[in-house]
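> below is the sequence, then the predicted model.
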Amino acid sequence: MPANKLPKAPFVSFTWDEYLKGKDANPAPQACFKQAPVPPPNDFTLHSKLEALDPRNITSTCIATIVGLQGPRLRLRLDGSDNKNDFWRLVDSGDIKPIGWCEENGGMLQPPLGFRMNASSWPMFLLRTLNNAKIAPELAFKKEPPTPPENLFKVGMKLEAIDRKNPHLICPATIGGIRDNMIFISFDGWRGVFDYWCEFDSRDIFPVGWAASTGHYLQLPGNKGTSSTRGRKSSAASTVSQPPGATPSASASSPPVSPMTVESGDQSPAYDNEPDTSSPLSVSSVSVSLYINNTCVSGPYLSPHKVLQMPSLIGPAPMDRVLTETLQMCVNSAVQQKAVFAFLKAEEGGTVNVTAHYSSHTHSVSLLAPETTRAFWSLIDQLCEDLLCCGNFFTSKPLHGPCSNCAKQDDGSHHGRHRSYSGNTTKPSAATKRSLSTDSAVSDRGDLKVPRRIRTEAASSTTTVSESREARSESRPSLGPPSRDPTNWSVEEVIRYVTDADHGMASHADTFKKHEIDGKAFLLLNSEMMMKYMSLKLGPALKLCNLIEKLKNKKY
């Protein structure tokens, strides 16, 4: 059923007219809201792709897929992330754009926070994702309504508001306070633990009657007078509604839900029993241990002499403290502190503070503390990549005996200037990295919440496939010519075709391996993609384009 033709308020459970009778309260007028007077139609369809701002990193524009429709609202999932961080946007939201908008406006699509593969694979992932994808039509995007000229709300006005912990719910609410451009949303009938402040022009608030006009179920108000304020009491005669923010449990009777189109299978509705990822675990509640294996390749940025003086273990201690000590230790052990310090990017609200001394000045930077163990180890992985050191330089468990990664290096020095995390050198699997030493009962839940800041994350399955492919290619004899159909070529066959055609391209073989460019991906490449994402210069990019065109024009 098209989302814009959903039946109007199918559950006879709440009406504003009856609710407001006898109450000294007035609905907030339409002029207060940044919402269209008539809710726009929803012309989107399931599985369509669009561009959306990452809600956890609003400076990044990502590819998103529509996995749910509810009235004029879209449930979105960022491609490359899991299903635990879906979010909702209105069809007239300024946060969503048609595919191609970012590039046309001088931007670049980014992987989402929590990208489940190695960051270096993002360009090829993007190509494969958009190739023959179902693209949302431009006509489906509606113009964002204008912002009210000023905050017109008054304390006591009634409205409808999204529960930010369970954003599929819309609930009756009251303006409980006003502070400049901020308003306090107080959910009716509940004790205040789910209330929040927001801007007066927030898209999460609606005038009275909005839900009914769009066919969206309106959650019942709570009952502050009852002894229980957090559950649903199942009864044939009466029902106490579920509070905003409460996640339905298996023992509780299911909350009424509005008509909604959602993907089946593992892409379940937002009101299913998915882990709540909206409230991160306390950083101080999770302890980790980080081992420094200073016999591993330390890369060109760290002083070998200072590396040997590093402690063998940091922790067990809270993640933010371990991260602070690790980063500061790397800066202090650098050949040039400025070079290592440059890897650290300041973030607003950061609590991980690192300092460096160069150019006769002391410099400092603050980074956000990791909120989960997954975020912590992703940052450690990224640090190893930035430093060009062995992937086993930092681990969650001590190494016993020589490092197998370092043994694969052509020379055995501990300060070779080569990327130990690429080529044939393997990194420890995510499972090894995250076999943590914990002092907290909640630390084993560290992976339930997706981190706010992850620059790269290598899923163990991706690493295993890549490593096994390389191992097989090393052990087997030299291969014959590639198969006739280039769409069936492996990465090795693509490299062989390119180097046979132009021996000068052999220097770019590692780039093809790094980005896992097989036959299908090779045929999708263009010069702009190769220069922007693969860092190739114009000359090699044009040569490759010529080879690709020859392949496309061949009959195979």
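Yes, it's here. Numbers count the residues shown, from 1 in each chain.
> what segments of the stretch 101-250 of the chain are helices?
Ranges of helices in the stretch 101-250 of the chain, per DSSP state H, counting those that start in this stretch, are 101-104, 122-130, 210-214.
> those: lowest mean pLDDT?
Within the helices of the stretch 101-250 of the chain, confidence is poorest for helix 122-130, with a mean of 87 (mean pLDDT).
> got the buried residues for stretch 141-158?
By 16 or more other CB atoms under 10 Å, the buried positions in stretch 141-158 come out as 141-142, 145, 148, 151, 153, 157-158. In this view, the C-beta of every residue, glycine as well, is placed from N, C-alpha and C.
> now, among the residues you listed, which is nearest to Leu218?
Lys158 (12.0 Å; CB to CB).
> list the contacts for that closest one?
16, 20, 25-28, 172-175, 208 (CB atoms under 8 Å, 6 or more residues apart in numbering).
> how about a cut-off of 6 Å?
25, 27, 174, 208 (CB atoms under 6 Å, 6 or more residues apart in numbering).
> tally of neighbours for the second one?
Here the count is done by other CB atoms under 10 Å, and Pro27 has 15 residues near it.
> go on, Ala133?
Count around Ala133 with other CB under 10 Å applied: 15.
> before we move on, what about Asp510?
Count around Asp510 with other CB under 10 Å applied: 14.
> ditto for Trp88
Using other CB under 10 Å: Trp88 sits among 18 other residues.
> my guess is it meets Arg73, correct?
Yes: using CB atoms under 6 Å, Trp88 is in contact with Arg73, at 5.3 Å.
> pLDDT on stretch 217-229, on average?
61.
> still on that earlier bit, in strands, which of the buried residues of stretch 141-158 appear?
Among the buried residues of stretch 141-158, the members found in strands (DSSP state E) are Lys158.
> nearest to Thr214, of the buried residues of stretch 141-158?
Distances from Thr214 to the buried residues of stretch 141-158, taken by CB to CB, are shortest for Lys142, at 13.4 Å.
> for the residue nearest to the closest one when sequence neighbours are not counted, what are its contacts?
Nearest residue to Lys142 in three dimensions, chain neighbours excluded: Asp92, at 3.7 Å (CB to CB, 6 or more residues apart in numbering). For Asp92, the contact set (CB under 6 Å, 6+ apart) comprises 40, 142, 144.
> can I get the residues you listed in JSON lines with distance to Ala334 and pLDDT?
Listed next are the contacts of Asp92 as JSON lines, based on distance: CB to CB, whole Å; pLDDT from 0 to 100:
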{"residue": "Pro40", "distance to Ala334": "55", "pLDDT": "94"}
{"residue": "Lys142", "distance to Ala334": "52", "pLDDT": "95"}
{"residue": "Glu144", "distance to Ala334": "47", "pLDDT": "95"}
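> tell me where the model's unsure across the stretch 151-300 of the chain.
223-285 (pLDDT under 70).
> before we move on, what about the chain?
Checking the chain against pLDDT under 70 turns up 1-13, 223-285, 407-484, 554-556.
> and it, what are its domains?
7-35+147-214, 49-140, 283-461, 486-553 (automatic domain parsing).
> now the last one, how far from the centre of its chain.
By that I understand domain 486-553. 29 Å (CA atoms, centre = their mean, to the nearest Å).
> pretty sure Pro221 sits against Cys171.
No: if you go by CB under 6 Å, Pro221 and Cys171 don't touch, sitting 7.5 Å apart.
> if we can go back for a sec, can you say which of the contacts of Lys158 are buried?
Buried among those (16+ other CB under 10 Å): 174, 208.
> now, among the contacts of Lys158, which is nearest to Gly68?
Distance to Gly68 across the contacts of Lys158 (CB to CB) is lowest for Val208, with 24.9 Å.
> how much space separates the closest one from Pro172?
8 Å (CB to CB, to the nearest Å).
> now tell me what touches stretch 543-552 from outside.
With contact meaning CB under 6 Å, 6+ apart, stretch 543-552 is reached by 486, 501-502, 527.
> just the residues you listed now: which is nearest Gln35?
Ser527 (44.5 Å).
> pretty sure that closest one contacts Ala541?
Yes: using CB under 6 Å, Ser527 is in contact with Ala541, at 4.4 Å.
> just to revisit the earlier point, want to try CSV for the buried residues of stretch 141-158, with distance to Arg374 as columns?
As requested, the buried residues of stretch 141-158 are exported to CSV (distance: CB to CB, whole Å):
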residue, distance to Arg374
Phe141, 34
Lys142, 36
Pro145, 38
Pro148, 40
Asn151, 39
Phe153, 40
Met157, 42
Lys158, 41
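> give me the buried positions along the helix or strand encompassing Leu544.
For Leu544, the enclosing helix or strand under DSSP states H and E is helix 538-553. Across helix 538-553, burial judged by 16+ other CB under 10 Å covers 540-541, 543-544, 547-548, 551.
> next step: the contacts of stretch 543-552 restricted to helices.
If you go by DSSP state H, these have 501, 527 in helices.
> which of the contacts of stretch 543-552 sits closest to Phe44?
Closest to Phe44, out of all of these and judged by CB to CB, is Ser527, at 33.1 Å.
> tell me who's in contact with the closest one.
Contacts of Ser527 by CB under 6 Å, 6+ apart are 541, 545.
> again, but for Leu313
Applying CB under 6 Å, 6+ apart to Leu313 gives the contacts Tyr291.
> ditto for Phe522
Counted by CB under 6 Å, 6+ apart, Phe522 has contacts Val494.
> hmm, Leu152 is touching Lys34, no?
No: the criterion here is CB under 6 Å, and Leu152 misses it with Lys34 at 11.2 Å.
> that older thread, looking at Pro221 and Cys171, which one has more neighbours?
Cys171 (28 against 19).
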